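Colleague: Fold the following and give me the result.
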Amino acid sequence: MEESIFQIAEQINQLHKKAYDIYLPLVDDVCRRKVSEEELSYFLDYLLDFACDEKMLDLYKKVCRTYLYVYPRCVKFYIDVYWEMWEEEAE
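Modeller: Numbers count the residues shown, from 1 in each chain. All right, here's what the predicted structure looks like:
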């Protein structure tokens, strides 16, 4: 039983690493250019799924900070969704 839990935890860690490797260049691209609010929303939806991981959360924050003054309502919405989804679980 303990071995299977360890294996599952390791698979989750590998998934987060793979997600980070995939999303890092995408985040850099989104932060270098101006995207539409719709594209930003779509992108943050996907990042949010992995925001429980510290490195992915850093990417999420980077995108939010980049667009905070461009689309403040959208970014505020996604910050609130993050808190509802991930921070309440941590308490």
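Colleague: Relative to Leu59, how far out is the residue nearest to Leu57 when sequence neighbours are not counted?
Modeller: Spatial nearest neighbour of Leu57, excluding adjacent residues (CB to CB, 6 or more residues apart in numbering): Ala51 at 4.9 Å. Heads up, the C-betas are built off the backbone N, CA and C, glycines and all. Remark: distance between Ala51 and Leu59 (CB to CB, to the nearest Å) = 8 Å.
Colleague: Ok, Asp28 next?
Modeller: 9 Å.
Colleague: who's more crowded, these two?
Modeller: When Asp28 and Leu59 are compared for neighbours, Leu59 comes out ahead with 22 against 11, by other CB atoms under 10 Å.
Colleague: Now do the SS call for the residue nearest to Leu57.
Modeller: Assigned with DSSP: H, G, I helix; E, B strand; the rest coil, Ala51 falls in the coil class.
Colleague: Can you report how many residues lie near it?
Modeller: When neighbours are defined as other CB under 10 Å, Ala51 has 20 of them.
Colleague: Now do the phi/psi pair for it.
Modeller: Dihedral pair for Ala51: phi -70, psi 0, per degrees, to the nearest 10.
Colleague: Over to the one 10 residues further on?
Modeller: Backbone dihedrals for Lys61, given as degrees, to the nearest 10, come out at phi -60, psi -40.
Colleague: in the protein, which ranges drop under the pLDDT threshold?
Modeller: Applying pLDDT under 70 to the chain flags residues 1, 88-91.
Colleague: For the lengthiest helix in the chain, name the packing helices and strands.
Modeller: In the chain, assigned by DSSP state H, the helix with the most residues is helix 2-32. The contact analysis (3 or more CB pairs under 8 Å, 6 or more residues apart in numbering; DSSP states H and E) places helix 2-32 against helix 37-48, helix 54-67.
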